[in-house]
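>>> My questions concern the predicted model and sequence given below.
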Amino acid sequence: MAIARLAWDRLPEEARDAVTSVLGVEPAAADTASGANCGASALLTLPDGRTIFVKGQRDRDPVRPDDDRDEEPGWWRPDWGPLDELDQEERVNPFLPASAPRVLWRVAVAGWHLLAFEGIDGRPADYAPGSPDLPLVADALAELGRCPTPEPSLPTAWDRWGYWCDPADEPFLAGAHLLHTDPAASNVLIDGDRARLVDWAWPALGPAWIDPALWGMRLVSAGGHTPEQARARVSRTTGWRAATPNGVRALTRAEARRWEEDAANGVWGADEIAHAARAWADLWR
């Protein structure tokens, strides 16, 4: 769910001064449109031309003394929020593929947490049929599939999609591969001759075929592929070799249900994605 976004120049002056202190120089800041779940995001350009991407989240609301939310089991506590996503993105960063931008520093001041990454001079991937970006995205997913299981505890694929699955589907989503879980075109930047996965706010552990399966849905929703064309594309990815019919059916059905729920709740932009997700899921029935 998208949250209220604050322009960089509307951040508290104390927060912007803290960034300048870390950098040793005042940067030129340009707000970015990426990262729907960011409280603030900007690309900072230094006098020497280097760039740094900063995403920020507000402090979480204080928990009342009589609030028992922390006793809730599982990952998605009732008080889970954008700051938890930022924390998780920072923890997993050292274990990401080499092409992923690295965390540089973090400051917490004036009610804001600002996490800085290497800047990337890239553009969102083009998912249209025949796009030269498609093999680069496949290579990025293959690189991710070779990553070892990260040390930090992460949610599982079942944690992420189990709510929309049938209980008997749980074994089909079991696995220990690092997953990005949101390969939308805006989260895959083309930088020269390679694709780079960014925005790791929702990493998970599961079978390696899940990210290719999610990419297939995005090829339909954002790239204009037919479900059959998308299947032909993702079936050539490295991670797809371990895919099982039951697993793919369970995941694509759950993803369609998730987007249909968002559409029913009036989430902006969810209608079109829900239609594509359902068409992608129906292919596997």
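That came through, no problem.
>>> where in the stretch 51-200 of the chain is pLDDT low?
By pLDDT under 70, the weakly predicted segments of the stretch 51-200 of the chain are 61-77.
>>> Report the contact partners of the residue nearest to Ala7 when sequence neighbours are not counted.
Of all residues not flanking Ala7 in the chain, Asp31 sits nearest, at 5.4 Å (C-beta to C-beta, 6 or more residues apart in numbering). Just so you know, the C-beta spots here come from the backbone N, C-alpha and C atoms, and that holds for glycine as well. Contact analysis of Asp31 by C-beta atoms under 8 Å, 6 or more residues apart in numbering lists 7-8, 40-42.
>>> Look up how far Pro155 lies from Ser21.
Separation of Ser21 from Pro155 (C-beta to C-beta, to the nearest Å): 35 Å.
>>> higher neighbour count, the two?
Neighbour comparison, Ser21 and Pro155: the larger count goes to Pro155, with 18 against 12 (by other C-beta atoms under 10 Å).
>>> quick one, phi/psi of that one?
Reported as degrees, to the nearest 10, the phi and psi values for Pro155 are phi -60, psi 160.
>>> Please look at Glu151 and Phe95 and confirm they touch.
Yes: between Glu151 and Phe95 there is a contact under C-beta atoms under 8 Å: 6.8 Å.
>>> more crowded one of those two?
Each of Glu151 and Phe95 has its neighbours counted (other C-beta under 10 Å); Phe95 has more, 17 against 10.
>>> and stretch 252-268, average pLDDT?
On average, the pLDDT along stretch 252-268 is 96.
>>> Next: stretch 17-30.
Here the average pLDDT along stretch 17-30 is 96.
>>> Now the terminal residues of it, how far apart.
16 Å (C-alpha to C-alpha, to the nearest Å).
>>> gap between it and the chain center?
26 Å (C-alpha atoms, centre = their mean, to the nearest Å).
>>> do stretch 89-99 as well
How far stretch 89-99 lies from its chain's middle: 12 Å, per C-alpha atoms, centre = their mean.
>>> Also stretch 144-155?
The answer for stretch 144-155 is 15 Å, by C-alpha atoms, centre = their mean.
>>> After the longest helix along the chain, which helix or strand is next?
Secondary structure of the chain per DSSP state H: the longest helix is helix 245-264. Per DSSP states H and E, the first helix or strand lying C-terminal to helix 245-264 is helix 270-283.
>>> how about that following helix: buried residues?
270, 273-281, 283 (16 or more other C-beta atoms under 10 Å).
>>> Stretch 192-210 now?
195-210.
>>> Out of those residues, the closest to Ser235 would be?
Lowest distance from Ser235 to those (C-beta to C-beta) belongs to Trp209, with 9.9 Å.
>>> Now that closest one: closest residue in space that isn't a chain neighbour?
Ala243 (3.8 Å).
>>> contacting residues for Arg194?
Counted by C-beta under 8 Å, 6+ apart, Arg194 has contacts 99, 136, 139-140.
>>> From Cys165, how far off is it?
As judged by C-beta to C-beta, Arg194 and Cys165 stand 34 Å apart.
>>> now swap in His225 and tell me
His225 sits 25 Å away from Cys165 when distances are taken as C-beta to C-beta.
>>> higher neighbour count, those two?
Comparing His225 with Cys165 by other C-beta under 10 Å, the one with more neighbours is His225, at 24 against 18.
>>> Can you report how many residues neighbour the spatially closest residue to the more buried one that is not a sequence neighbour?
Nearest residue to His225, sequence neighbours excluded (C-beta to C-beta, 6+ apart): Leu219, at 4.2 Å. Leu219: 29 surrounding residues under other C-beta under 10 Å.
>>> quick one, phi/psi of Leu219?
According to degrees, to the nearest 10, Leu219 has phi -60, psi -30.
>>> Thr237 is in contact with that one, correct?
No: using C-beta under 8 Å, Leu219 is not in contact with Thr237, being 11.4 Å away.
>>> where do the strands sit along the stretch 1-150 of the chain?
Using DSSP state E, counting those that start in this stretch, the strands found in the stretch 1-150 of the chain span residues 28-31, 40-45, 51-58, 103-109, 112-118, 123-124.
>>> Need the ones you listed in JSON lines (columns: distance to Cys147).
Formatted as JSON lines, these follow (distance: least, C-beta to C-beta, whole Å):
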{"stretch": "strand 28-31", "distance to Cys147": "31"}
{"stretch": "strand 40-45", "distance to Cys147": "25"}
{"stretch": "strand 51-58", "distance to Cys147": "21"}
{"stretch": "strand 103-109", "distance to Cys147": "16"}
{"stretch": "strand 112-118", "distance to Cys147": "18"}
{"stretch": "strand 123-124", "distance to Cys147": "23"}
